[in-house]
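1. Got a predicted structure here, sequence first:
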Amino acid sequence: MSDLVVKVLSKRQEAQDIASYELGREDGGPLPAFSAGSHVDVHVPGGLVRQYSLCNDAGERHRYRIAVLRDPKTRGGSANMHDSVKEGDTLTISEPRNHFPLVHAQRTVLLAGGIGITPLLCMAQRLHSIGADFDLHYCTRSATRTAFRDEILASPFAGRVKFHFDDGPPEQKLDLLKALGPHEQGTHLYICGPTGFIEYVTQTAHGLGWTSGQIHLEYFGAAPQDTAGDRPFDIKVASSGKVIRVAADQTVVQALAAEGVEVMTSCEQGVCGTCITRVLEGECDHRDLYFTDEEKARHDQFTPCCSRAKSSVLVLDL
């Protein structure tokens, strides 16, 4: 895949601390097609790269739309998007990629927490367009923090959407058992939002008998890790045989870079999958939100931006 240079066709305040950006080719030509659940990597001013879900109709080719929450714990990405990017600017982005695809289902339940609405809005548009049975539950702290609310209320699928505000009356708050409904094998669940929200929904669904194959997740950021017990270990580069020490307070990516071995990174939180590296020998200490439990159990690949080793040595296919 090659990068694209796009123009910011418009920038709009969608809710408190949330701005949307409509991106298109300067010559007005068509953009690469994408499917519901896709994201693009955006090269943010300041040299950072961040992933943002596409939240416009997947049938559109003239634009991509992303939405960015100003994160109070920002590492620079969201603040730079809000403060530095304006209408008329150009940005470099990747072609769309999809790690959160829709699957055909008899019924689909979409559960969005805050800015997690972005990929699920695109999914709702797609499901409506094909006449599928679905419900969208959109949970936010308040109406003022609810991006795309007016757009959703005016949409042809508004009757399938329920809004749940933390500061609203009790009767409109999320009743998760009711939202999930009776467990049926033909139903699939898509969840996107903060880590705590995703874990709450996932644990509840599992408790009701939902299988892992029915539950689809997308995280926007990793939960803080307890690093108090971290210890040094060695990385062996298979191509050269060179052994590199990874200190207790150092990531694998940092240790490799210090010895001239570069690994491409993006989110640096184990969410996006950009840095995935094959593991030829050793046992990984997986700390990502990218791989499934089954994939982690194979110990044949890991995310060196955040994951570590349980064994004394990891041999990497580098």
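-> Alright, I've got the coordinates.

2. which other helices and strands contact the longest strand seen in the chain?
-> The longest strand of the chain (DSSP state E) is strand 4-15. Packing partners of strand 4-15 (3 or more C-beta pairs under 8 Å, 6 or more residues apart in numbering; DSSP states H and E): strand 18-24, strand 90-93. For every residue, glycine as well, the C-beta is placed using N, CA and C.

3. Now the helix or strand following the last one: average pLDDT?
-> Taking DSSP states H and E as the definition, the helix or strand that follows strand 90-93 towards the C-terminus is strand 107-113. Mean pLDDT, computed over strand 107-113, is 97.

4. and if you look at stretch 269-289?
-> Per-residue scores along stretch 269-289 average to 90.

5. Next: stretch 119-128.
-> 97.

6. same question, stretch 309-318
-> Per-residue scores along stretch 309-318 average to 96.

7. if I read this right, residue 214 contacts residue 191, doesn't it?
-> No: the pair residue 214 / residue 191 is not scored as a contact, 11.3 Å apart, by C-beta atoms under 8 Å.

8. Which of those two has more residues huddled nearby?
-> residue 191 (24 against 19; other C-beta atoms under 10 Å).

9. For the more buried one, which residues are in contact?
-> Residues counted as contacts of residue 191 (C-beta atoms under 8 Å, 6 or more residues apart in numbering) are 111, 113, 116, 197, 198, 201, 202, 215, 216, 217, 218.

10. out of these, which are inside helices?
-> 197, 198, 201, 202 (DSSP state H).

11. ok so, going back, do you know which of the helices and strands packed on strand 4-15 lies nearest residue 133?
-> strand 18-24 (28.3 Å; C-beta to C-beta).

12. Check which helices and strands that closest one sits against.
-> Judged by 3+ C-beta pairs under 8 Å, 6+ apart, strand 18-24 is in contact with strand 4-15, strand 64-69, helix 77-84.

13. Put together JSON lines for those, with mean pLDDT and distance to residue 316 on each row.
-> JSON lines is the format used below for the helices and strands packed on strand 18-24 (pLDDT from 0 to 100; distance: least, C-beta to C-beta, whole Å):
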{"stretch": "strand 4-15", "mean pLDDT": "97", "distance to residue 316": "31"}
{"stretch": "strand 64-69", "mean pLDDT": "96", "distance to residue 316": "33"}
{"stretch": "helix 77-84", "mean pLDDT": "90", "distance to residue 316": "27"}
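
14. winner for burial among these?
-> Among the helices and strands packed on strand 18-24, strand 64-69 has the highest mean neighbour count (mean count of other C-beta atoms under 10 Å), at a mean of 24.

15. top of the ones in helices among the contacts of residue 191 by neighbour count?
-> residue 201 (26 neighbours).

16. That one and residue 110 touch, don't they?
-> No: using C-beta under 8 Å, residue 201 is not in contact with residue 110, being 11.0 Å away.

17. Can you work out which residues contact both of those two?
-> Contacts common to residue 201 and residue 110, judged by C-beta under 8 Å, 6+ apart, are absent.

18. Mind checking the helices and strands packed on strand 4-15 for the one nearest to residue 187?
-> Nearest of the helices and strands packed on strand 4-15 (C-beta to C-beta): strand 18-24, 29.8 Å.
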